[in-house]
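In: Pasting a predicted model and its sequence here:
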Amino acid sequence: MNSEKEKVENKIDKKIIISKAAAILSALIVWQIAAMILNRTILLASPLEVAARLSTLIFEDGLLSAIWFSLSRIGKGFLLGLTVGSLLAIFADRYPWAENLIFPYMTTIKTVPVASFIVIALIWLSARELSVFISFLIVLPVVYNNLLSGLRSIDAKMMEMATVFRYTWMQKLLYIYIPHLKPFIISACSVSIGLAWKSGVAAEIIGIPDGSLGEVLYEAKIYLNTVDLFAWTVIIVFVSVAFEKLFMLMVRKLLEHNEQRTLDGRVNE
Amino acid sequence: MNKIVLRNINKSFEDKQVLKDLSVEFSYGECSALMGRSGCGKSTLLNIIMGLLPKDSGEMTGVPEKISAVFQEDRLCEEFSAYTNIRLSCPDERKDEIIPTLQLLGLGDSIDKRVSTLSGGMKRRVAIIRAVLSDWDLLIMDEPFKGLDENTRIDVINFVREKTKGKTVIMVTHDEEDIKDIQGRKIDLW
């Protein structure tokens, strides 16, 4: 019965993969045709030209250092946003006055254009650290709002049960809070990683710190090198998606480990 | 002091008065079974005794600190196993009783299964085992045997009666049969 179900699921998975691959291929064909019709690389580089450039770019000296420069800073900003956003959500959930106090900051961050923040932050910070701050700022309200919604929706009856059975705060965290907050944590991380990369690279393009991915994009634009612009963009997308997949895998494994550890029956031991 | 005494307890929710000058006593070491029509405040009274709801006025004495409960809903940690749910509130010296008790009440195959995958009746039994095996001086049960099939109900009642003999239990029920089977003292709360 189970193997039958697995077979059907595998068949569906294969169908989804094939249809997605076909969609990507058709998009690439449309892009290639558009580039051929325009016939001006400066306006639109073709996917074949971008692929050719990528094949040489991956062997260039500055690639890994540029990736590391941006990855380390955007990653730092994201983790900082995740930590501070989580702490503020816990604080706002615990004390309603704190939510009122935090509200204007979160609204400002959400409504003011990222470019304005980048320009203002350039006055206070060095260009090298700008992407840390901007990524942090963009991640903060996403994490805060998601976690606060999660905390607010915790079943009060489960908390009463925990009170009657005298659960320790660690038991409440592991057995009530984390399982309930799991979808909120996953959603917050998944959405905010993409935003952190978009805003972080935008900050680098405006701040132009030496050796960053933003700097190479800016240079490609200045020299009207459209093929380079597209090739570096592909690299940024690849690194951003790889970072997201890796981080989400870690988060999921960590959350599953919590459930598995206790499903074994090894509690308090 | 050998009893839990509640005197002139009043409790209202907005405009609706649920408990009006209620006075009742529960002797230590016996099972008291509260009966009454729906909405007469039985669950509210239990919540006040457990300290989950504040009373508007009145006096309450003799409530022990260590309380255990079978709530009207199961209130189990759904993502975790039956064993884990019981172990969470079970003291170390009683942990060896968990698996034999689960087996006794027909849950031998469900020890490590996630509670979310169990049926309603199975969850109910897990909730009852959790409450009985935890560390308590007062056990409160709100319609504990509701939803159990007849055979299981008899097994569960026998188990609860054995394990709570000589201890203080307050139970809410709509079924006179429950009171008879568990050998409790009936208190009408109209």
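Out: Perfect, I can see it now.
In: ok, which residues in chain B are in contact with chain A?
Out: Counting by C-beta under 8 Å from any C-beta of the partner chain, the residues of chain B close to chain A are B:50-52, B:66-69, B:71, B:73, B:75, B:77-81, B:83-84, B:87-89, B:92, B:111-112, B:114, B:130, B:134. Every residue, glycine included, has its C-beta placed from N, CA and C.
In: Keep only those of these that are in helices.
Out: Counted as lying in helices by DSSP state H, out of these, are B:50, B:83-84, B:87, B:130.
In: Which members of these are the farthest-apart pair?
Out: For these, the farthest-apart pair by C-beta to C-beta is B:50 and B:83; their separation is 25.0 Å.
In: Compare neighbour counts for these two and give me the winner.
Out: More crowded of residue B:50 and residue B:83, by other C-beta atoms under 10 Å in any protein chain shown: residue B:83, with 26 against 20.
In: just checking, residue B:18 is part of a strand?
Out: Yes - counting by DSSP: H, G, I helix; E, B strand; the rest coil, residue B:18 is found in a strand.
In: in terms of contact, does it touch residue B:44 like I think?
Out: Yes - with contacts counted by C-beta atoms under 8 Å, residue B:18 reaches residue B:44, the gap being 4.9 Å.
In: Please enumerate the shared neighbours of these two.
Out: Between them, residue B:18 and residue B:44 share these contacting residues under C-beta atoms under 8 Å, 6 or more residues apart in numbering or on different chains: residue B:11.
In: if we can go back for a sec, selecting buried members of the residues of chain B next to chain A in ChimeraX, what would you type?
Out: Entered in ChimeraX, the line below selects the buried ones among those, by 16 or more other C-beta atoms under 10 Å in any protein chain shown:
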select /B:50,52,67,68,69,71,75,77,78,79,80,81,83,84,87,88,89,111,114,130,134
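In: In strands, which of the residues of chain B next to chain A appear?
Out: B:67-69 (DSSP state E).
In: Please give the three-state secondary structure assignment for the closest residue to residue B:49 other than its chain neighbours.
Out: Of all residues not flanking residue B:49 in the chain, residue B:63 sits nearest, at 5.9 Å (C-beta to C-beta, 6 or more residues apart in numbering or on different chains). Recorded secondary structure, residue B:63: coil (three-state DSSP).
In: Look up how far chain A lies from residue B:63.
Out: 12 Å (C-beta to the nearest C-beta, to the nearest Å).
In: OK, contacts around that residue?
Out: B:4, B:49, B:51, B:138.
In: tally of neighbours for the second one?
Out: Burial of residue B:49, expressed as a neighbour count using other C-beta under 10 Å, amounts to 22.
In: In contact with it, which residues?
Out: B:4, B:6, B:60, B:63, B:67, B:138, B:140, B:170 are the contacts of residue B:49 under C-beta under 8 Å, 6+ apart.
In: Which among those residues count as buried?
Out: By 16+ other C-beta under 10 Å, those give B:4, B:6, B:63, B:67, B:138, B:140, B:170 as buried.
In: from the residues you listed, which two are the most distant?
Out: Using C-beta to C-beta, the buried ones among the contacts of residue B:49 reach their maximum pairwise distance at B:6 and B:67, which is 14.8 Å.
In: Phi first, then psi, for the most centrally placed residue in chain B.
Out: Nearest to the geometric centre of chain B sits residue B:141, at 1.7 Å (C-alpha atoms, centre = their mean). The phi/psi pair for residue B:141 (degrees, to the nearest 10) reads phi -130, psi 120.
In: hang on, residue B:17 packs against residue B:40?
Out: No - with contact defined as C-beta under 8 Å, residue B:17 does not reach residue B:40; the gap is 11.4 Å.
In: Between these two, point out the one with more neighbours.
Out: residue B:40 (17 against 13).
In: Regarding the more buried one, what is its secondary structure?
Out: Residue B:40 - assigned by three-state DSSP - is coil.
In: Not counting its neighbours along the chain, what's nearest it?
Out: residue B:189 (5.8 Å).
In: Need phi/psi at residue 72.
Out: Went with chain A since none was named. Main-chain torsions, residue A:72, degrees, to the nearest 10: phi -70, psi -40.
In: my bad, chain B
Out: phi -60, psi -40.
In: Turn the ones in strands among the residues of chain B next to chain A into a markdown table, columns for pLDDT.
Out: Formatted as a markdown table, those follow (pLDDT from 0 to 100):
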| residue | pLDDT |
| --- | --- |
| B:67 | 96 |
| B:68 | 96 |
| B:69 | 97 |
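In: Going by distance to chain A, which of the residues you listed wins?
Out: residue B:69 (5.0 Å; C-beta to the nearest C-beta).
In: now for the helix or strand hosting residue A:233, which elements pack on it?
Out: Residue A:233 is located in helix A:226-263, with elements delineated by DSSP states H and E. Applying 3 or more C-beta pairs under 8 Å, 6 or more residues apart in numbering or on different chains; DSSP states H and E, one finds that helix A:226-263 contacts helix A:47-57, helix A:62-94, helix A:178-207, helix A:213-222.
In: Can you tell me what sits against the shortest one?
Out: It refers to helix A:213-222. A:62, A:66-67, A:69-70, A:131, A:201-209, A:225-226, A:228-229, A:232-233, A:235-236, A:239.
In: try stretch B:123-131
Out: A:165, B:68-71, B:74-76, B:82, B:85-86, B:88-90, B:98, B:101-102, B:105-107, B:115, B:118, B:139, B:141, B:144-148, B:152, B:156, B:159-160.
In: Filter those down to the buried ones.
Out: A:165, B:68-71, B:74-76, B:82, B:85-86, B:88-90, B:98, B:101-102, B:105, B:107, B:115, B:118, B:139, B:141, B:144-145, B:148, B:152, B:156, B:159-160.
In: Sketch out the low-pLDDT regions of the chain for me.
Out: Just going to use chain A. A:1-3, A:261-269 (pLDDT under 70).
In: if you could check chain B rather than the one you did, that'd help
Out: For chain B, the ranges with pLDDT under 70 are B:1, B:190.
In: helix/strand/coil for residue A:154?
Out: coil.
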